[in-house]
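Participant: From the sequence below, what's the structure:
(4 chains)
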There are 2 protein chains.
Amino acid sequence: MSILEFITSYNLKEVNYPAKTIILKEGSKARYIYFLKKGCLRMWVNNNGMDITTQFFFEGAAIASLESLLKDEASDYTLETIEACTLLVMSKQEFLSLKNTDQAFKSWFDEMLLERFYYYSKHLLGYLRTKPHQRYLNLLQKHPEILQRIPQQFIASYLGITPVSLSRIRTRK
Amino acid sequence: MSILEFITSYNLKEVNYPAKTIILKEGSKARYIYFLKKGCLRMWVNNNGMDITTQFFFEGAAIASLESLLKDEASDYTLETIEACTLLVMSKQEFLSLKNTDQAFKSWFDEMLLERFYYYSKHLLGYLRTKPHQRYLNLLQKHPEILQRIPQQFIASYLGITPVSLSRIRTRK
DNA sequence: CTGTTTTCTTAACAATTGTTATTTTATCCC
DNA sequence: GGGATAAAATAACAATTGTTAAGAAAACAG
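Facilitator: So this is what the prediction gives:
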């Protein structure tokens, strides 16, 4: 069962945001966890005025700054829509309460955390193992949908390079 | 309470390994989780014959290829002692059983997984945010003990560069 | 549809890292 | 301690990426 079907039973409020809407700003604390029905978002950090995208989210994803939500710390990350999005919203209180009382929800969350852990671990490995050019080719092979759907500047920082360098790599391919 | 005190109550077997002992080999499945009493280890992956160190473990750490332990998959990583080590050994069965039945152990594990998640997330951010030279300076500032205790070749791959480049960076500092 | 703004491409040059090989230094083992 | 082995430093050159700037293409708004 997908998280979207699963989460239906919790009767969450649905919201719509246009493209380029910031739903969580770096430096503030997470008050919600979101479930993405339609659209896509990115998570990014500021780095000397330039932003660096660390993750993309597509339909079916659970979206939150987990550190901020779980540790009640200011988020290192900003969450921003790329396309217009339809989201289901769950408050932090409800989230924490469900995590403590609802066994099914707790299991879902543990699994989700583990999956994110794998994701980060693999993503990190990609940086250590391969050079930018190869990382681009790997992304092209494994997630061509990302390259189709996401503006190049975001992909560049996600790959750890500048937009100029990505453009060069693409022609060199 | 540290994990080492906590784990005492489980009466685990203690083992000693000399330096450069492989306790889990890439491609095989994890059968144990270890708790490090003394010494240090590294986790690494093979990359075209060169190894890349992804993590260091010091006294008090829980050591396992979590993906392999939890998903019963072949490990992507090798675990190898750097110094001579004293370890407490817990079998996979015991680990899984405790995780299901022992609330204190389950809580400890959830917390540990979360900490590792943060660790990976921060480590990845370091790659995206900074260049090799700066990563070296950051490591020097935040974890000077690593630079004192760990051979340079391992630190180089941990920083995502070659030993030659690290040597250059160090003199340039 | 058209003008504006943003994104992407291209180019030239600088800076950094990778590669290979050699030398120096440190470590290990008998 | 001394010879063997491994690790680190150094040097020269190649390859890649970063930086800056300018122009082309695409997206957006009225």
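Participant: Point out where chain A drops to low pLDDT.
Facilitator: The model of chain A has pLDDT under 70 over residues A:1, A:173.
Participant: Any residues of it in contact with DNA strand C? List them.
Facilitator: When proximity is defined as C-beta under 7 Å from any atom of the strand, chain A approaches DNA strand C at A:151, A:152, A:153, A:163, A:164, A:166, A:167, A:168, A:170, A:171. (Glycine included, C-beta is placed from N, CA and C.)
Participant: If we use 10 Å, what do you get?
Facilitator: Contact residues (C-beta under 10 Å from any atom of the strand) of chain A with DNA strand C: A:20, A:131, A:150-156, A:162-172.
Participant: Could you tell me which of those residues count as buried?
Facilitator: Buried by 16 or more other C-beta atoms under 10 Å in any protein chain shown: A:150, A:154, A:155, A:156, A:166, A:169, out of the residues of chain A next to DNA strand C.
Participant: Check for me that the last one belongs to a strand.
Facilitator: Spelled out, that is residue A:169. No - if the criterion is DSSP: H, G, I helix; E, B strand; the rest coil, then residue A:169 is helix and not within a strand.
Participant: I'd say it and residue A:133 touch.
Facilitator: Yes - taking contacts as C-beta atoms under 8 Å, residue A:169 lies within contact range of residue A:133: 5.2 Å.
Participant: Near DNA strand D, which residues of chain A? Just list them.
Facilitator: Near DNA strand D, when you scan chain A using C-beta under 10 Å from any atom of the strand, you find A:18-20, A:48, A:50, A:83, A:130-136, A:151, A:156-157, A:159-169, A:172.
Participant: Narrow those to those in helices?
Facilitator: Among those, the members found in helices (DSSP state H) are A:132-136, A:156-157, A:159, A:163-169, A:172.
Participant: how about the residues of chain A near chain B?
Facilitator: A:45, A:47, A:52, A:54, A:66-67, A:70, A:76, A:110, A:113-114, A:116-118, A:120-121, A:123-125, A:127-129, A:157, A:160 (C-beta under 8 Å from any C-beta of the partner chain).
Participant: The residues you listed in helices, which ones?
Facilitator: Among these, the residues falling in helices (DSSP H) are A:66-67, A:70, A:110, A:113-114, A:116-118, A:120-121, A:123-125, A:127-129, A:157.
Participant: And the buried ones among those, selectable in PyMOL?
Facilitator: Buried subset of these, written as a PyMOL selection, criterion 16+ other C-beta under 10 Å:
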select buried, chain A and resi 66+67+70+113+114+116+117+118+120+121+123+124+125+127+128+129+157
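Participant: can you count the residues close to residue A:22?
Facilitator: 14 (other C-beta atoms under 10 Å in any protein chain shown).
Participant: how close does it get to chain B?
Facilitator: 19 Å (C-beta to the nearest C-beta, to the nearest Å).
Participant: measure that residue to DNA strand C for me?
Facilitator: Computed as C-beta to the nearest atom of the strand, to the nearest Å, the residue A:22 to DNA strand C distance reads 14 Å.
Participant: cool, residue A:32 as well?
Facilitator: 26 Å.
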